[in-house]
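Participant: Sequence and computational prediction follow.
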Amino acid sequence: MKILRKEKAQQELAKDIFFMFVGAMIALLFSWMGVIDGLIKLFGGTVIASFVSGVFFTSAFTIAPASVALSRIAFLADPWTIALWGALGAMCGDLILFYFIRDRFVDDLAASVKPSVKKHILSSFHLGFMKWLAPLAGAVIIFSPLPDEMGLALMGLSKTRVAVLMPISFTMNLFAIYGIVWLAHTI
């Protein structure tokens with residue numbers, strides 16, 4: 001039974017990676033066809049478009065289209081305005097992921113490793129230094145181009161409170177989105 005669960009978890013991880021790749025390809029296609037520009041116009045303003053793009057900036061499956069949208073919005077408003085509203089949206093997206101999706105990802109990851117390794121990893125989160133190291137590593141992952149789900153899973157394993165998650169998510173996404181917008185402006 002454990003072998004079936006491990007195989008299923010590995011299949012789920014492979015499927016997740018496939019969908020991330022498909023999301024990136026769709027983002028490139030949408031950008032080339034002008035769909036993203038049309039969606040920005042549909043939302044009617046840079047504030048709403050930045051917020052909505054920020055919500056989608058958090059997931060591994062939608063980060064590519066959101067990044068393309070944010071880089072398109074970069075030419076319509078002040079970079080800090082885009083980053084602020086995008087970070088607010090990303091914080092909302094991270095909260096949704098933290099509450100609803102993190103358990104599936106953590107379960108798939110846990111089922112993919114040997115029980116002894118899983119026990120060792122889980123027990124290490126009860127040590128003093130891991131209680132602050134895991135949220136710190138999660139914050140770095142949220143800031144990086146890696147999917148926020150990985151950082152949120154680390155924070156979930158270390159039992160990070162929502163009151164701690166919210167400012168971390170906002171700040172890390174603010175600088176990440178500003179970096180994308182700044183890069184779009186300079187290129």
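Facilitator: Great, that's in hand.

Participant: Who's the closest spatial neighbour of F143, skipping the chain neighbours?
Facilitator: Spatial nearest neighbour of F143, excluding adjacent residues (C-beta to C-beta, 6 or more residues apart in numbering): M172 at 4.0 Å. Any C-beta I mention is one placed from the backbone N, CA and C, and that applies to glycine too.

Participant: what pLDDT, on average, does the helix or strand hosting that neighbour get?
Facilitator: For M172, the enclosing helix or strand under DSSP states H and E is helix 162-186. Per-region confidence: helix 162-186 scores 92 on mean pLDDT.

Participant: Which strands or helices does that helix pack on?
Facilitator: helix 63-73, helix 79-100, helix 128-143, helix 148-157 (3 or more C-beta pairs under 8 Å, 6 or more residues apart in numbering; DSSP states H and E).

Participant: what kind of secondary structure is the closest residue to P135 other than its chain neighbours in?
Facilitator: The shortest distance from P135 to any residue other than its chain neighbours is 4.9 Å, reached at T160 (C-beta to C-beta, 6+ apart). In terms of secondary structure, T160 is coil; the call rests on DSSP: H, G, I helix; E, B strand; the rest coil.

Participant: count of neighbours near T160?
Facilitator: Summarising burial for T160: neighbours were counted as other C-beta atoms under 10 Å, giving 20.
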